[in-house]
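J.: next one to model:
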Amino acid sequence: MHRIISLLIVSAPLAAQSVQYRSPAGIEYRSLPDTGAIVRAESQLAADVRNPALYLALGLAQAARMQYREAVATFTRGLELAPDHVLLLRWRGHRNLSLRQMDRARVDLERGRELDGTCYGCLYHLAIVRFAAGEFDGAAELFRRALPLAPNEGEHAGAIDWLWMSLARAGRMAEARAVLDQHAASVTAQNAYARRIQLYLGGITPEQVVTVADTGGIDVSTLGYGLGNWYLVRGDSTRAREWFTRATRTDGWPAFGFIVAEAELRRWPN
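T.: From the prediction side, this is the model:
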């Protein structure tokens, strides 16, 4: 009897962690169990099922626990009530991007941008979709539009970083350098994007980008992809491939660096 109870206790958390993504290597990545926010959001929605804002709140609570498939379903229910709700489109597009559903993400984010051309989240995440598809000029256009709309210093650094990478990959190095000259001094964030920008500026060496202190999967994937892209732009495809591979060998599977590194490796000649 004690063994049965123990098995139930051990297996319950795993059962609550649904499979969200299987990598090309067959690795399964799972969601995290609820810590209370999802139950509370579900209760609020149950009391007012015609309120699109409550579908948004529940979906965000689910996404915060990496329950992206569940969040997409919730956002979809909200959009059935309010088809032109920009934030529901923005977040469903974002989470379809997390799930590698690129075509679906593109449709939602394009629609959101059409409805509100100042929606930073639609512009930024649509630019990531374009970048992952190798549409670097189109990505640069959207990151340039997103940059002045960045809601905080972390997003500001991210928009500068991705704009630089997009221009560099499009072969527009003079414009990429101009972006750094114009905006780098305004970067105050202390995040992975800011460190990548320091690499582009020559403030740190490639060996200083990923350090022994970087143990979180999201950061390692983000830094690793940026370093790989930097090597690729400089013509070192061997090191680029090494870092793209490194970026996909962490538990930071929702990171844009992880997602785009996978796309790079799919396009890589054998």
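J.: quick check: the gap between Q182 and G158.
T.: 16 Å (CB to CB, to the nearest Å). Backbone N, C-alpha and C define where each C-beta goes, glycine included.
J.: neighbour count: those two, which is higher?
T.: The residue with more neighbours, out of Q182 and G158, is G158; 26 against 11, by other CB atoms under 10 Å.
J.: that one: which element?
T.: Here G158 is covered by helix 153-169, with elements defined by DSSP states H and E.
J.: which other helices and strands contact the helix or strand following that helix?
T.: For helix 153-169, the following helix or strand on the C-terminal side (DSSP H and E) is helix 173-183. Counting by 3 or more CB pairs under 8 Å, 6 or more residues apart in numbering; DSSP states H and E, the packing neighbours recorded for helix 173-183 are helix 153-169, helix 192-201.
J.: try it again at 6 Å.
T.: Contacting helix 173-183 under the criterion 3 or more CB pairs under 6 Å, 6 or more residues apart in numbering; DSSP states H and E are the following elements: helix 153-169.
J.: could you dump the helix it packs on to CSV, C-alpha only?
T.: What follows is helix 153-169, C-alpha atoms only, in CSV (Å, rounded to 0.1, in the frame of the first residue of the first chain):
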residue,chain,number,x,y,z
GLU,A,153,15.6,48.2,-21.3
GLY,A,154,15.8,44.5,-21.8
GLU,A,155,13.6,44.6,-24.9
HIS,A,156,15.5,47.6,-26.1
ALA,A,157,18.7,45.7,-26.1
GLY,A,158,17.1,42.7,-27.8
ALA,A,159,15.7,44.8,-30.6
ILE,A,160,19.2,46.4,-31.2
ASP,A,161,20.8,43.0,-31.2
TRP,A,162,18.4,41.3,-33.6
LEU,A,163,18.4,44.4,-35.9
TRP,A,164,22.2,44.2,-36.0
MET,A,165,22.1,40.5,-36.8
SER,A,166,19.4,40.9,-39.4
LEU,A,167,21.4,43.6,-41.3
ALA,A,168,24.6,41.7,-41.0
ARG,A,169,23.1,38.5,-42.4
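J.: how far off centre is it?
T.: Its chain's C-alpha centre lies 13 Å from the corresponding centre of helix 153-169 when counted by CA atoms, centre = their mean, to the nearest Å.
J.: which residues of the stretch 151-270 of the chain score low on pLDDT?
T.: The model of the stretch 151-270 of the chain has pLDDT under 70 over residues 270.
J.: and V107, how many neighbours does it have?
T.: V107: 16 neighbours (other CB under 10 Å).
J.: tell me who's in contact with the residue nearest to it when sequence neighbours are not counted.
T.: Among residues not flanking V107 along the chain, G93 sits closest, at 7.7 Å (CB to CB, 6 or more residues apart in numbering). Counting by CB atoms under 6 Å, 6 or more residues apart in numbering, G93 touches A105, D108, L109, H125.
J.: most widely separated two among those residues?
T.: Between any two of those, the greatest separation by CB to CB is 9.1 Å, found for D108 and H125.
J.: ok, back up a step: distance check, the residue nearest to V107 against Q101.
T.: Distance of G93 to Q101, given as CB to CB: 9 Å.
J.: now A71
T.: Noted for A71: a distance of 12 Å to Q101, by CB to CB.
J.: more crowded one of these two?
T.: A count of neighbours by other CB under 10 Å puts A71 above the other of A71 and Q101, at 30 against 18.
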